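**Student:** Sequence and predicted structure, then a few things I'm wondering about:
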Amino acid sequence: MLNIPLTAILGALAMATGVAAGAFGAHGLKRTLSADMLAIWQTAAHYQLIHGLGLLALAALAQHLDGKLASWSMGLMAAGIVVFSGSLYTLALSGVRTIGAITPIGGALFIAAWIMLILAAWRGAH
């Protein structure tokens, strides 16, 4: 079953830190990072915010979803934030391009999370 409070906490935490990361990139890093690296940083913050909202949506819709599949969606979405956004933040700050090889794994986790949400909604409706 989906742990609704944990899902809401993770979503709100992702949103709060995503806003902070976006602001830090726009104000604190704009003189430090190249335009390319700053764009990578902003992509990380953008996807973190989108998936923070996804976690909040999961918590809000929980009563209408299959709990096991919704739980999988939550775990995959949270992991996707860490892997996708985390790898891009690290890449932007370090400039080590090989770190970018991890980023598609995070993208796959995001896609799997949304597919799990589709299935959770489908099963919850039947």
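**Tutor:** Good, I have the coordinates.
**Student:** Which secondary structure element is home to Ala12?
**Tutor:** Using DSSP states H and E, the element containing Ala12 is helix 4-23.
**Student:** mind listing what's buried in that helix?
**Tutor:** 4, 7-8, 10-11, 14-15, 17-18, 21-22 (16 or more other C-beta atoms under 10 Å). Any C-beta I mention is one placed from the backbone N, CA and C, and that applies to glycine too.
**Student:** can you pull out the helices in the chain?
**Tutor:** Secondary structure of the chain, counting by DSSP state H: helices at 4-23, 35-61, 67-80, 86-94, 103-125.
**Student:** Just name the most buried of those helices.
**Tutor:** Ranked by mean neighbour count under mean count of other C-beta atoms under 10 Å, those are led by helix 67-80, which reaches a mean of 21.
**Student:** Send me that one as CSV with only the CA atoms.
**Tutor:** Extracted in CSV, the C-alpha atoms of helix 67-80 (Å, rounded to 0.1, in the frame of the first residue of the first chain):
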residue,chain,number,x,y,z
GLY,A,67,-2.0,0.7,-3.6
LYS,A,68,0.8,-1.6,-4.6
LEU,A,69,1.3,-0.1,-8.0
ALA,A,70,1.0,3.4,-6.6
SER,A,71,3.7,2.5,-4.1
TRP,A,72,5.9,1.3,-7.0
SER,A,73,5.2,4.6,-8.8
MET,A,74,6.3,6.6,-5.7
GLY,A,75,9.5,4.6,-5.3
LEU,A,76,10.4,4.9,-9.0
MET,A,77,9.6,8.6,-9.1
ALA,A,78,11.7,9.4,-6.0
ALA,A,79,14.6,7.3,-7.3
GLY,A,80,14.3,9.1,-10.7
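**Student:** Which residue is the nearest non-sequential neighbour of Gln121?
**Tutor:** Not quite, residue 121 is Ala, not Gln. Distances taken as C-beta to C-beta, 6 or more residues apart in numbering place Leu65 nearest to Ala121, at 5.8 Å, with adjacent residues excluded.
**Student:** Now do the contacts for that neighbour.
**Tutor:** By C-beta atoms under 8 Å, 6 or more residues apart in numbering, the residues touching Leu65 are 2, 58, 117, 120-121, 123-124.
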